[in-house]
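> Build me a model:
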Amino acid sequence: MRRLSEVAPGVLVRTSSFELTTSTVVVGAAAGCLLIDPGVTVAELAQLAAELRELGLRPAAAWSTHPHWDHVLWSSGLGDAPRYATSAAVAAAGSWREEMISRVQEEAPGHDLELFGRLTRLPAGTGHIRWDGPATQVIAHNGHAPGHAAVFLPDAGVLMAGDMLSDIEIPLLDIDASDPLGDYRAGLRLLAAVPGVRLLVPGHGHVAGAAEYRTRLDADTRYLDLLAAGEPFDDPRCTQPWLRDWHRRQLQCVAGFTDGDPG
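Have a look, this model is predicted:
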């Protein structure tokens with residue numbers, strides 16, 4: 001995992017060795033910080049905690065963009081800050097807990113399971129994270145996962161998009177949802193409507209400027225359009241076997257819905 005790098009004033013990112021997963025730190029008041037999706041291995045979380053101490057920072061609050069195992073991780077070295085997520089994400093994390101524990105033990109063993117996935121619901125009707133720092137806008141939808149929620153910093157123009165708008169992954173639909181394609185399209189529309197995005201931080205992949213943010217919106221929209229057509233096609237981001245497999249599953253899923261059989 002690389003050391004924290006400041007990508008905008010008061011916004012630092014670190015990239016994991018696992019699927020280029022991004023941990024984001026937003027500096028707030030009184031040496032507090034907002035920590036978004038910290039990950040991924042035990043060693044990387046320990047390194048992140050140590051680096052925050054070196055910088056004189058302590059997590060005052062945390063945010064999980066969605067309820068997948070690699071986005072609900074924590075370490076005792078990060079303290080006991082409240083770890084927020086949307087109500088739908090918290091509910092999903094609870095119902096999927098055993099499955100997620102199996103995944104984390106397989107992919108990143110050694111985590112403290114007492115801390116794993118322990119999230120706090122954002123109060124209903126709240127569109128921001130309550131903490132002593134820069135204003136946040138929570139952009140919630142059900143694309144990719146139930147209760148997925150990006151975070152936008154309007155003053156800095158930084159959008160932390162969670163597992164969307166990646167340059168290394170295709171759009172990954174929640175194929176167990178009643179309308180996977182519709183949910184993802186709705187999420188993209190919300191992200192496209194955010195005003196004043198100057199910097200994009202994806203959950204997996206590389207940080208991008210405003211022009212690349214628009215390019216990725218177009219690429220993901222095109223992918224969904226081709227997927228909806230139900231014909232085989234290729235995407236340059238399908239570089240790994242698991243991505244190619246998921247792409248085939250999504251083609252089969254969408255074709256099943258088109259035929260009136262959700263499977």
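
> Run through the stretch 151-263 of the chain and note the low-pLDDT ranges.
Within the stretch 151-263 of the chain, the stretches with pLDDT under 70 are 257-263.

> all helices of it, in order?
Secondary structure of the stretch 151-263 of the chain (DSSP state H, counting those that start in this stretch): helices located at 180-192, 210-229, 241-258.

> right, and the ones you listed - which one's nearest Gly94?
helix 180-192 (20.2 Å; C-beta to C-beta). For every residue, glycine as well, the C-beta is placed using N, CA and C.

> Alpha carbons of the closest one, as PDB, please.
Provided in PDB are the C-alpha atoms of helix 180-192 (Å, rounded to 0.1, in the frame of the first residue of the first chain):
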ATOM      1  CA  PRO A 180     -30.100  -4.500 -11.400                       C
ATOM      2  CA  LEU A 181     -29.800  -2.500 -14.600                       C
ATOM      3  CA  GLY A 182     -32.300   0.100 -13.600                       C
ATOM      4  CA  ASP A 183     -30.700   0.500 -10.100                       C
ATOM      5  CA  TYR A 184     -27.300   1.100 -11.700                       C
ATOM      6  CA  ARG A 185     -28.600   3.600 -14.200                       C
ATOM      7  CA  ALA A 186     -30.300   5.500 -11.400                       C
ATOM      8  CA  GLY A 187     -27.000   5.600  -9.500                       C
ATOM      9  CA  LEU A 188     -25.100   6.900 -12.500                       C
ATOM     10  CA  ARG A 189     -27.700   9.600 -13.100                       C
ATOM     11  CA  LEU A 190     -27.200  10.800  -9.600                       C
ATOM     12  CA  LEU A 191     -23.500  10.900  -9.900                       C
ATOM     13  CA  ALA A 192     -23.700  12.700 -13.200                       C
END
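
> Tell me the buried residues in that helix?
Pro180, Leu181, Gly182, Asp183, Tyr184, Arg185, Gly187, Leu188, Leu190, Leu191 (16 or more other C-beta atoms under 10 Å).
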